[in-house]
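Chemist: Sequence and predicted model, in that order:
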Amino acid sequence: MASASVGEEEDNNKLTLYSYWRSSCSFRVRIALNLKGLKYHYKPVNLLKGEQSRPEFLQLNPVGFVPVLLDGHTVLYDSFAIIMYLEDKYPHNPLLPLDITKRTINFQAATIVSSTIQPLTNLNLLNYIGEKVGPDEKLPWILSVFRRGFTALEKLLKDHTGRYATGDEVFLADVFLAPQLHAAFKRYSVNKDEFPILARLHEAYNEIPAFQEALPENQPDAVHYCIHTGVARVPSEYELLSTSKVLLLSYSFAIIMNYIGEKVGPDEKLPWTQSAIRKGFTALENLLKDHARRYATGDEIYLADLFLAPQIDAAINIFKVDMKEFPTLSRLHETYNEIPAFREALPENQPDAVH
């Protein structure tokens, strides 16, 4: 479904995907596009050359990550947000089942992949481990992350799988699982015998054309890599999903901090954390600048506020981030503190806080 478009004039009536061939986040968006039968231009972004940090790319995604999807003049980033946008705008070949329980299992599986596996194996973190701990520590770290996440997925899916993850139809869980399984089994040689359900799903995905066409080795920039190296904003509801993914979820954050404290040194934990928060907050300021009013995206409380409030609270009260750099987020923090539902949910107001 993809066509390379390097050097071509943009077609405003066609989707354009900024992708890196080995990126699992880009991989899952390619699968979703293929399953929905949507044609798109493929714009390669070489992460190893740092093209994601060039000013022209940061204009599209201030976080500096792939994928980015252009739908005419609409710019979307973060794979989860992109896929949900595609699901709503192009509802044919749905990626979510009607059954609410099955939908929830799909969201849970997708979240395990996107919040507790993929962020812990991304290029930035692996480069940090290689630099601060040593290059030989990267593979053991990756394998430990896969095993932890895959163990959880096996337990989650054991009573729900059919031919695919949650039955006999391909849904959201499959779109998120396939790239992670491909990387684990093909690139990092994770033992399939430890994860029989996931190993069977991996084989099933390899038989589906939409998945085969999305494989890393089948992308235009894969061959180039081997040879040469060895604007309107998105609608608010999709921005909400993007904001929720800018920063790692607290569970993943805690795992990384513990690892840094053990392998690099306890004094390195706070600088790393503050750096990660500042990067995310900078992107959030940029994202929300044209949308924030009383709350993140207007005068009503939505999903973005639910995700933002705990992160801002932690940044200020735990990690002592200087919020002068982030006036929009600082103002939102004060607003959230006026809302009873938010105040009652504060960490210090919970029964176990005294312990």
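Modeler: Received it, and whenever you're ready, just let me know what you need.

Chemist: Show the contacting residues for the nearest residue to residue 95 once chain neighbours are set aside.
Modeler: The shortest distance from residue 95 to any non-neighbouring residue, by CB to CB, 6 or more residues apart in numbering, is to residue 172 (4.7 Å). Yep, even glycine has a C-beta here, placed from its N, CA and C like the rest. Shown in contact with residue 172 (CB atoms under 8 Å, 6 or more residues apart in numbering): 83, 95-96, 106-107, 109-110.

Chemist: Can you pull the phi/psi pair for residue 22?
Modeler: Here is the backbone geometry of residue 22 (degrees, to the nearest 10): phi -90, psi -10.

Chemist: my read: it touches residue 218, true?
Modeler: No: taking CB atoms under 8 Å as the definition, residue 22 is not a contact partner of residue 218, at 11.9 Å.

Chemist: more crowded one of those two?
Modeler: The residue with more neighbours, out of residue 22 and residue 218, is residue 22; 19 against 13, by other CB atoms under 10 Å.

Chemist: And the more buried one, how close does it get to residue 144?
Modeler: Look at residue 22 and residue 144: by CB to CB, to the nearest Å, they are 20 Å apart.

Chemist: likewise residue 56?
Modeler: Residue 56 is 37 Å from residue 144, by CB to CB.

Chemist: and these two? which has more neighbours close in?
Modeler: For the pair residue 56 and residue 144, the greater number of neighbours falls to residue 144 (13 against 7), based on other CB under 10 Å.

Chemist: Which strands or helices does the host helix or strand of the more buried one pack on?
Modeler: Assessed by DSSP states H and E, residue 144 sits inside helix 138-157. Under the contact criterion of 3 or more CB pairs under 8 Å, 6 or more residues apart in numbering; DSSP states H and E, helix 138-157 touches helix 100-111, helix 123-132, helix 172-182, helix 196-205.

Chemist: Quick one: distance of it to the chain centre.
Modeler: 17 Å (CA atoms, centre = their mean, to the nearest Å).

Chemist: which non-adjacent residue is nearest the most centrally placed residue in the chain?
Modeler: What sits nearest the mean C-alpha location of the chain, by CA atoms, centre = their mean, is residue 114, with 5.0 Å. Excluding its sequence neighbours, the residue lying closest to residue 114 (CB to CB, 6+ apart) is residue 80, at 5.8 Å.

Chemist: Which residues are in contact with residue 63?
Modeler: Going by CB under 8 Å, 6+ apart, the list of residues near residue 63 reads 77-78, 246, 279-280, 283.

Chemist: Return the distance of stretch 152-160 from the chain's centre.
Modeler: Chain-centre distance of stretch 152-160: 21 Å, with CA atoms, centre = their mean.
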